[in-house]
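Student: Here is a sequence together with a model predicted from it:
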Amino acid sequence: MTAGFITNLASKTTNNGRQYFLVSLIDHTVKTYDVFIFPDKLSAFTAELEVGTFVLLVLEKTKDQNGYARINVKSVRNLEKFIGDKKHKQYHFFISTRCQVSTISNLLKEAEMKETSDEGNILITVKDEESQEKTNISLPYYYDISSEVIENIKAVEGVFEIQAT
């Protein structure tokens, strides 16, 4: 996997008349390199290829029919969209009625990003262990929760499970 900034994009044609792209990138070390995206992958990636954007490339090393090493592009993602998608991860906390919610609240204060008019990205299911009844509560904020904070919340008495998707 590698990331880079697209500085040039040229549409080319193979000897058998099929289109491919020659993409020039600059990586974080300010090193320039070219990537060829061939026809079998072209239609899936065309929307992500635009000069002036940051992209994340998933690469695969293979050998061609002559035994030469070749690196193929398996996927291309707009890096800013990829990072944005990660920030909007959904969290589901399963807790008991005896859980110290104030402790969870204090841990989440550092992770709060912004209030939203939609539902936030945390759903809390409170389960009464005696009656087995469940109540769902959705928090009205988006949170970017680090793995350290997740582990601290898991350690709170009364937290059964945390799912992140």
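Tutor: Good, I have the coordinates.
Student: Sheet partners, orientation included, of the helix or strand harbouring residue 77?
Tutor: Under the criterion of DSSP states H and E, residue 77 resides in strand 69-78. Neighbouring strands of strand 69-78 in its sheet, by DSSP bridges, are strand 54-63 (antiparallel).
Student: I'd like the C-alpha coordinates of the partner strand written as CSV, please.
Tutor: This file holds the C-alpha atoms of strand 54-63, laid out as CSV (Å, rounded to 0.1, in the frame of the first residue of the first chain):
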residue,chain,number,x,y,z
PHE,A,54,-4.3,12.5,-2.8
VAL,A,55,-4.8,8.8,-3.4
LEU,A,56,-4.2,5.5,-1.6
LEU,A,57,-3.1,2.7,-3.8
VAL,A,58,-3.3,-1.0,-2.8
LEU,A,59,-0.5,-2.8,-4.8
GLU,A,60,0.2,-6.4,-5.6
LYS,A,61,3.5,-7.8,-6.6
THR,A,62,3.3,-10.5,-9.3
LYS,A,63,5.5,-12.1,-12.0
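Student: that older thread, ok, and for the strand holding residue 77, which residues are buried?
Tutor: 72-73, 76-78 (16 or more other Cβ atoms under 10 Å). (Each C-beta comes from the backbone N, C-alpha and C, glycine too.)
Student: now swap in stretch 91-104 and tell me
Tutor: By neighbour count with 16+ other Cβ under 10 Å, stretch 91-104 contains the buried residues 91, 93-95, 99, 103-104.
Student: just stretch 127-138 next, same as before
Tutor: Buried residues in stretch 127-138 (16+ other Cβ under 10 Å): residue 127.
Student: quick one: contacts of it?
Tutor: Stretch 127-138 is contacted by residues 94-98, 119-120, 122-126, 160 when judged by Cβ atoms under 8 Å, 6 or more residues apart in numbering.
Student: tell me the two of those that are most distant?
Tutor: Greatest spatial distance among those (Cβ to Cβ): 98 and 119, at 25.8 Å.
Student: Of all the helices and strands in this protein, which has the lowest average confidence?
Tutor: Using mean pLDDT, DSSP states H and E, helix 39-45 stands out as the lowest-scoring helix or strand of the chain, at a mean of 62.
Student: Pretty sure residue 149 sits in a helix.
Tutor: Yes. Under DSSP: H, G, I helix; E, B strand; the rest coil, residue 149 sits within a helix.
Student: That one and residue 121, how far apart?
Tutor: Separation of residue 149 from residue 121 (Cβ to Cβ, to the nearest Å): 14 Å.
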